[in-house]
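Novice: fold the following and give me the result.
(one chain, ligands or ions: 2)
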Amino acid sequence: MGKIIVRGGRQLSGRVKADGAKNAVLPILAASILGQEGVSTIYEVPALDDVYTIIDVLSFIGVDIRFQDGIVTTNAAKIQRTEAPYDLVRKMRASFLVMGPLLAREGHARIALPGGCAIGSRPVDLHLKGFEAMGAKIHIGQGYIDAKVDGRLKGAKIYLDYASVGATENIIMAAVLAEGTTVIENAAQEPEIVDLANFLNSMGAKVRGAGTGTIRIDGVDQLTSTRHSVIPDRIEIGTYMVAAAITGGDILIENAITDHLKPVIAKLEEMGVMIEEEDEGLRVRASHPLKAIDIKTLPHPGFPTDMQSQMMALLLTAQGTSIITETVFENRFMHVEEFKRMNANIKIEGRTAIIEGNAKLVGTRVEATDLRAGAALVLAGLVSEGETEVTGLHHIDRGYVDLVGKLKSLGADIERIDEKENTTQELQPLWVK
Ligand SMILES: CC(=O)N[C@H]1[C@@H](OP(=O)(O)OP(=O)(O)OC[C@H]2O[C@@H](n3ccc(=O)[nH]c3=O)[C@H](O)[C@@H]2O)O[C@H](CO)[C@@H](O)[C@@H]1O
Ligand SMILES: C=C(OP(=O)(O)O)C(=O)O
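Specialist: Residues are numbered from 1 along each chain as shown. Ligands and ions are numbered 1, 2, ... in the order given. So this is what the prediction gives:
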């Protein structure tokens, strides 16, 4: 059981660089299954536990995949299995993203049902509806989803009842090798979908409209190897923006793509945070008090649910009462109880959290209940009196590369204590970290 210890009270300043986006690299690595020949090289790959998990899934399937120094090479010439077992899918729901590529390439996929998680029930019905529309036969039993198609998948017109990120990605990956044209209506518009489409197009796919609500995919017969750099992680960047704001600091984020961060920038500016695009990066400065605001999470270009808990930490320090409405996941307020242990005054009414500002946060032992909750507790620790001890680090390690090292380099009084028996290195013999 490792822990992060933060002692509050330091204003953060300096420069920081984000790693590659977790939510872009996972579908991109899944999509590498589609390359029938050659070796693909993917740059800016973050050394995250989720990346090691998808590497495990791909290795299990038979992809020759190596990861060193931020670079992954994949060779998917020989696929040996069309299955993703429960042990791997349970560790990370995004393992389900191999279903589309396997179905497209091999005509079969058997993937463990992902189950719910700490933020909601997270069904995959929209993914399956898309595959069925393209001619797949789906069978669910004994904890697995089995999808099969005779011959090739057929292009189809698919309307998503909800602009699901994962369903959009899985359907795009299934459609690139289908016979004919697929049109996805009410598609998710996240920047990570655009990155996936760029990756696929560089392999020879024909995906148009990614980043809008209508995506058109003309199926091709074959995809080849490619080279691609993953986009910077907008959620990691958003987290450092909040670190600057909450400590009244001054941070330059070297590789922020401002277009990806519009809703986060808008809401921080509404609070009074100063954000400027400079030649060397995005500069974020704040002096307190900041204003209380309301936030509603929505699919992109709305405010990202993955920034909700970090913003809640910030709103605790604002002047006045703020309201956060979480519309994307039905159970993404688990961090509220942990904030309360730090002296926060937050009330939950259904999908809404009412946050009283001017909180005098006090450090104590708290537990990360999910990845972003973990980051939010660390952020709260930066302005709490005394020592905050954050446990549940396996969540944080899924999505932040060296959170402690980066915050320390910005001046935070923070350290991480790992207990040996739980180190991820011991579980990961296949590659070099
Ligand atoms: C690896 C990855 O990219 N993860 C991101 C992805 O997750 P993920 O792709 O799982 O998120 P979705 O956009 O699919 O889910 C959004 C909502 O749609 C519901 N839903 C989804 C699929 C489906 O078939 N049926 C259904 O009802 C979900 O339960 C949830 O309530 O987008 C989320 C929303 O921006 C982010 O929080 C996650 O960080
Ligand atoms: C919810 C998240 O990720 P995942 O979909 O992988 O659980 C996240 O990145 O905040």
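
Novice: near ligand 1, which residues of the chain?
Specialist: Residues of the chain lying close to ligand 1 by Cβ under 6 Å from any ligand atom are 23, 26, 94, 120, 122-127, 162, 164-167, 188, 305-306, 328-329. C-beta coordinates here come from the backbone N, C-alpha and C atoms, glycine included.

Novice: one more pass at 8 Å, please.
Specialist: Neighbours of ligand 1 within the chain, by Cβ under 8 Å from any ligand atom: 22-23, 26-27, 50, 93-94, 97, 119-129, 161-169, 188, 190, 192, 235, 299-300, 304-306, 328-330.

Novice: could you flag which of those are buried?
Specialist: Buried members of these, scored by 16 or more other Cβ atoms under 10 Å, are 22-23, 26-27, 50, 93-94, 97, 119, 122, 124, 126-129, 163-169, 188, 190, 192, 235, 299-300, 304-306, 328-329.

Novice: quick one: contacts of the lowest-mean-pLDDT helix or strand in the chain?
Specialist: Sorted by mean pLDDT, DSSP states H and E, the helices and strands of the chain end with helix 86-91, the least confident at a mean of 92. Applying Cβ atoms under 8 Å, 6 or more residues apart in numbering, the set of residues contacting helix 86-91 from outside is 53, 56-57, 60, 95-96, 111-115, 143-144.

Novice: what residues are up against the residue in the stretch 151-300 of the chain that ligand 1 sits nearest to?
Specialist: Going by Cβ to the nearest ligand atom, ligand 1 is nearest to residue 166 of the stretch 151-300 of the chain, at 2.8 Å. By Cβ under 8 Å, 6+ apart, residue 166 lies in contact with 93-94, 96-97, 124, 127.

Novice: give me that answer again for 10 Å
Specialist: Each residue near residue 166 by Cβ atoms under 10 Å, 6 or more residues apart in numbering is listed here: 23, 26-27, 93-94, 96-97, 99-100, 114, 122, 124, 126-127, 188.

Novice: now the helix or strand hosting it, how far from the centre of its chain.
Specialist: Counting by DSSP states H and E, the element that carries residue 166 is helix 165-175. Helix 165-175 has its average C-alpha position 16 Å from the chain's average C-alpha position, going by Cα atoms, centre = their mean, to the nearest Å.

Novice: next SSE after it?
Specialist: Sequence order places strand 181-185 as the next helix or strand after helix 165-175, per DSSP H and E.

Novice: other SSEs contacting that next one?
Specialist: Applying 3 or more Cβ pairs under 10 Å, 6 or more residues apart in numbering; DSSP states H and E, one finds that strand 181-185 contacts helix 125-133, strand 157-159, helix 165-175, strand 206-208, strand 214-218.

Novice: can I get those in a markdown table with distance to ligand 2 and mean pLDDT?
Specialist: What follows is these, written out as a markdown table (distance: least, Cβ to the nearest ligand atom, whole Å; pLDDT from 0 to 100):
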| stretch | distance to ligand 2 | mean pLDDT |
| --- | --- | --- |
| helix 125-133 | 13 | 98 |
| strand 157-159 | 21 | 98 |
| helix 165-175 | 8 | 98 |
| strand 206-208 | 22 | 98 |
| strand 214-218 | 20 | 98 |
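
Novice: now for those, which one comes closest to residue 390?
Specialist: Checking the helices and strands packed on strand 181-185 against residue 390 by Cβ to Cβ gives helix 165-175 as the closest, at 27.1 Å.

Novice: that closest one to strand 214-218, inter-axis angle?
Specialist: With axes from the mean of the first three to the mean of the last three Cα atoms, to 10 degrees as the basis, helix 165-175 and strand 214-218 are set at 20 degrees to each other.

Novice: and the residue nearest to residue 171 when sequence neighbours are not counted, what is it in contact with?
Specialist: Counting by Cβ to Cβ, 6 or more residues apart in numbering, residue 130 is the residue found nearest to residue 171 once chain neighbours are left out, at 3.9 Å. By Cβ under 10 Å, 6+ apart, the residues touching residue 130 are 100, 136, 153, 156, 158-160, 164, 167-168, 170-172, 174-175, 182, 184.

Novice: and what of residue 241?
Specialist: Contact analysis of residue 241 by Cβ under 10 Å, 6+ apart lists 234, 251, 253, 256, 261, 264-265, 268, 273, 275, 282, 284, 286, 307, 310-311, 314.

Novice: ok, now residue 305?
Specialist: 119-120, 235, 297-299, 326-329, 332, 372.

Novice: quick check: the residue nearest to residue 171 vs residue 156, distance?
Specialist: Computed with Cβ to Cβ, to the nearest Å, the distance linking residue 130 and residue 156 is 8 Å.

Novice: hmm, back to that, just the ones of the residues of the chain next to ligand 1 in helices?
Specialist: Within the residues of the chain next to ligand 1, residues falling in helices by DSSP state H are 22-23, 26-27, 50, 125-129, 165-169, 192, 235.

Novice: next, show the common contact partners of residue 130 and residue 156.
Specialist: Common neighbours of residue 130 and residue 156 are listed as 171, 174-175, 182, 184 (criterion: Cβ under 10 Å, 6+ apart).

Novice: residue 154: neighbour count?
Specialist: For residue 154, the neighbour count with other Cβ atoms under 10 Å is 17.

Novice: and residue 78, how far from residue 106?
Specialist: 11 Å.

Novice: between those two, tell me which one has more neighbours.
Specialist: The residue with more neighbours, out of residue 78 and residue 106, is residue 106; 15 against 10, by other Cβ under 10 Å.

Novice: how about the least confident helix or strand of the chain: buried residues?
Specialist: Applying 16+ other Cβ under 10 Å to helix 86-91 flags 88-91 as buried.
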